[in-house]
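[1] sequence first, predicted model second:
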Amino acid sequence: MGTQLALHKTIQLPQAIALYIGSVMGSGILLVPGLSAQIAGPSSLLAWGIMMILVFPMALVMGWLSALYPHSGGVAHYVTKAFGEKLGTLAGWFFLMSVIIGAPVNALTGASFLGVAIGIGSTGQIVIAVIMIILALTMNYVGMKVSGQIQVILTCGIVLVLCLVIFSSFSHMEPANFQPFVPHGWWNVGESAAILFWCFIGWEAVTHLSEEFVSPKRDTVKAVTIAAVIVGVLYFLTAFATVGTASYLDGAQIALVGIIKKSFGISGSVVTGGLGFFICMATMIAYFGAASRLAYALSQAGKAPAFMGLFNKRYGTPVGGLYFLSGAFAIIVSLYATGFIPLSTLIQLPNATFIMTYLLGCAAAIRIFHDFKIARLFSWISFYLTLSIIPFVGWSLFYPVVITLFVSIFIWKKDLFSKSIGPL
């Protein structure tokens, strides 16, 4: 039996709120309000309203689990408790293999916004994406105390700029833009809601950081509730501004850009580029921290290579996971840069694995909260909401199938990695 080194408890309430916001409010806020408006018109606001309500069960379930069992294994740890080590290991690898693709996609998205704003081409945008990845890795290397403080600054800046954009857009709104309210039929409202689901995934990421909360029982649920309110309101108001100004009619991808240009004039493109860059940076900081902790937990349980369990005692950081992420990111970015895999394919790959991670986490919560009626009800709501999205995932379902085959051959069936020293 080995001894798991203690992660430093440095995350307080402000950092926790910022990490939750950063993990959920990613690049989707730049694109999805325009896309949903194109699908359903003004009635897309109904879909946003519905998701604002449904996001609370999803957020609270993950918050309650973190408060009850703070552990670097996150969702994988909860699935292990509920269903055993095999499914717990699978849930862990689902999340880990989502991040190794999702993070470079996020970096490339942020880099494209900044690159377009300052007039840099595709090669320069790749360089910016690599710099973003290196920055996020470095911040996580020096520990959550530093990266958490940076996350607070980034999040405050993002929220402030979004509020300025939203409120300045009111003068450009026209009542006629809300008519007809349901131009494409009620079915399109449902399709719009399905797309919006992706904007509210991310609560599960911070579960991996719960072990580093100074007071998880006191702060976790409070942090996730505050973050859910902030994220929900910002998403809805951004969608409201998109519809009210009719900026989505010029294209979903430039809807928010159009609002910003109306509000800030010539400097609008710089504001857009900076906003995209910092939103994506905030997301990567949260996910890199989560994935590195998960890699550490998997290695400690003998379910991942031993090097992924390397630990920096000075910073209290599981650096082995960061080394793994660095290597994986180098491969993914190289495949994209050489044209081997287009961004449109990379974007779709992590969808199904994120969904499967969340589905397993909600199923585990149903079993864990057998004596907590409200939490159990919210877990069922989250489970069925997540399950309803699977038909929309499409061909990317093959990715979790491949991961399952890998886990079953190399981890379940053969003990190719280090000997188990304890449960996940």
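    Structure received.
[2] how about the helices in the stretch 151-300 of the chain?
    For the stretch 151-300 of the chain, the helices defined by DSSP state H, counting those that start in this stretch occupy 186-196, 216-245, 255-264, 268-300.
[3] mean confidence score for stretch 151-171?
    Averaging pLDDT along stretch 151-171 yields 88.
[4] quickly note the distance from F181 to A40.
    Per Cβ to Cβ, to the nearest Å, F181 is found 10 Å from A40. Every C-beta, even on glycine, is put in place using the N, C-alpha and C of the backbone.
[5] how many neighbouring residues does the residue lying closest to G361 once chain neighbours are set aside have?
    What sits nearest to G361 in space, not counting adjacent residues and going by Cβ to Cβ, 6 or more residues apart in numbering, is V75, at 4.0 Å. By other Cβ atoms under 10 Å, 30 other residues sit near V75.
[6] also the one 10 residues further on?
    E85 has 18 neighbours, counted by other Cβ under 10 Å.
[7] cross-check the contact I'm expecting between it and L298.
    No: E85 lies out of contact with L298 (Cβ atoms under 8 Å); the separation is 10.8 Å.
[8] possible to save the helices of the stretch 151-300 of the chain as a markdown table with mean neighbour count?
    Output for those, formatted as a markdown table (neighbours: other Cβ atoms under 10 Å):
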| stretch | mean neighbour count |
| --- | --- |
| helix 186-196 | 18 |
| helix 216-245 | 21 |
| helix 255-264 | 23 |
| helix 268-300 | 25 |
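[9] export those to CSV and tack on distance to I390?
    Formatted as CSV, those follow (distance: least, Cβ to Cβ, whole Å):
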stretch, distance to I390
helix 186-196, 11
helix 216-245, 23
helix 255-264, 28
helix 268-300, 22
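[10] among these, which is nearest M139?
    helix 268-300 (5.7 Å; Cβ to Cβ).
[11] which residues touch the nearest residue to F200 once chain neighbours are set aside?
    Once flanking residues are discounted, F200 sits nearest to V55: 4.6 Å by Cβ to Cβ, 6+ apart. With contacts defined as Cβ atoms under 8 Å, 6 or more residues apart in numbering, V55 is in contact with 200, 228, 231-232.
[12] the same query, at a cut-off of 6 Å, please.
    Listed by Cβ atoms under 6 Å, 6 or more residues apart in numbering, the contact partners of V55 are 200, 228, 232.
[13] any stretches of the stretch 1-150 of the chain with poor pLDDT?
    Applying pLDDT under 70 to the stretch 1-150 of the chain picks out residues 1-6.
[14] model confidence score at the most centrally placed residue in the chain, please.
    By Cα atoms, centre = their mean, the chain has its centre lying nearest to G202, at 3.7 Å. G202 carries a pLDDT score of 83 in this model.
[15] state the distance from the residue of the chain positioned farthest from its centre to S36.
    Most distant residue from the mean C-alpha position of the chain: A176, 35.3 Å away (Cα atoms, centre = their mean). Applying Cβ to Cβ, the value for A176 to S36 is 20 Å.
[16] for the closest residue to N351 other than its chain neighbours, give me its contacts.
    Counting by Cβ to Cβ, 6+ apart, N351 lies nearest to S396, which is 4.9 Å off, once chain neighbours are set aside. For S396, the contact set (Cβ under 6 Å, 6+ apart) comprises 348-349, 351-352.
[17] let's see 8 Å
    Per Cβ under 8 Å, 6+ apart, neighbours of S396: 348-352.
[18] got it, and Q149?
    Taking Cβ under 8 Å, 6+ apart as the test, what Q149 contacts is Q15.
[19] on that earlier part again, report the contact partners of the residue nearest to the centre of the chain.
    G202 makes contacts with 20, 23-26, 283, 286, as judged by Cβ under 8 Å, 6+ apart.
[20] will you turn those residues into JSON lines that also has secondary structure and distance to I150?
    Below are the contacts of G202 laid out as JSON lines (DSSP: H, G, I helix; E, B strand; the rest coil; distance: Cβ to Cβ, whole Å):
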{"residue": "Y20", "secondary structure": "helix", "distance to I150": "15"}
{"residue": "S23", "secondary structure": "helix", "distance to I150": "15"}
{"residue": "V24", "secondary structure": "helix", "distance to I150": "18"}
{"residue": "M25", "secondary structure": "coil", "distance to I150": "16"}
{"residue": "G26", "secondary structure": "coil", "distance to I150": "17"}
{"residue": "T283", "secondary structure": "helix", "distance to I150": "13"}
{"residue": "A286", "secondary structure": "helix", "distance to I150": "11"}
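[21] turn the helices of the stretch 151-300 of the chain into JSON lines, columns for mean pLDDT.
    Listed next are the helices of the stretch 151-300 of the chain as JSON lines, based on pLDDT from 0 to 100:
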{"stretch": "helix 186-196", "mean pLDDT": "78"}
{"stretch": "helix 216-245", "mean pLDDT": "91"}
{"stretch": "helix 255-264", "mean pLDDT": "76"}
{"stretch": "helix 268-300", "mean pLDDT": "88"}
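[22] which one, of these, ends up nearest to Y323?
    Going by Cβ to Cβ, the one of those nearest Y323 is helix 268-300, 9.0 Å.
[23] which element follows the closest one toward the C-terminus?
    Remark: after helix 268-300, the chain's next helix or strand is helix 319-337, criterion DSSP states H and E.
[24] list of residues touching that next one?
    For helix 319-337, contacts defined as Cβ under 8 Å, 6+ apart pick out 99-101, 103-104, 108, 126, 129-130, 133, 137, 140-141, 288, 291-296, 299, 305, 307-312, 341-343, 346.
[25] quick one, which of those are buried?
    99-101, 103-104, 108, 126, 129-130, 133, 137, 140-141, 288, 291-296, 299, 308-311, 346 (16 or more other Cβ atoms under 10 Å).
[26] thinking again about what came up before, how about a markdown table for the contacts of G202, with distance to V243 added?
    A markdown table is the format used below for those (distance: Cβ to Cβ, whole Å):
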| residue | distance to V243 |
| --- | --- |
| Y20 | 27 |
| S23 | 27 |
| V24 | 22 |
| M25 | 19 |
| G26 | 21 |
| T283 | 25 |
| A286 | 29 |
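[27] quick one: buried ones out of those residues?
    20, 23-26, 283, 286.
[28] for G339, see how far away I21 is.
    35 Å.
[29] those two: which has the busier surroundings?
    For I21 and G339, the more surrounded residue by other Cβ under 10 Å is I21, and the numbers stand at 28 against 7.
[30] assumed that one was part of a helix.
    Yes: per DSSP: H, G, I helix; E, B strand; the rest coil, I21 lies within a helix segment.
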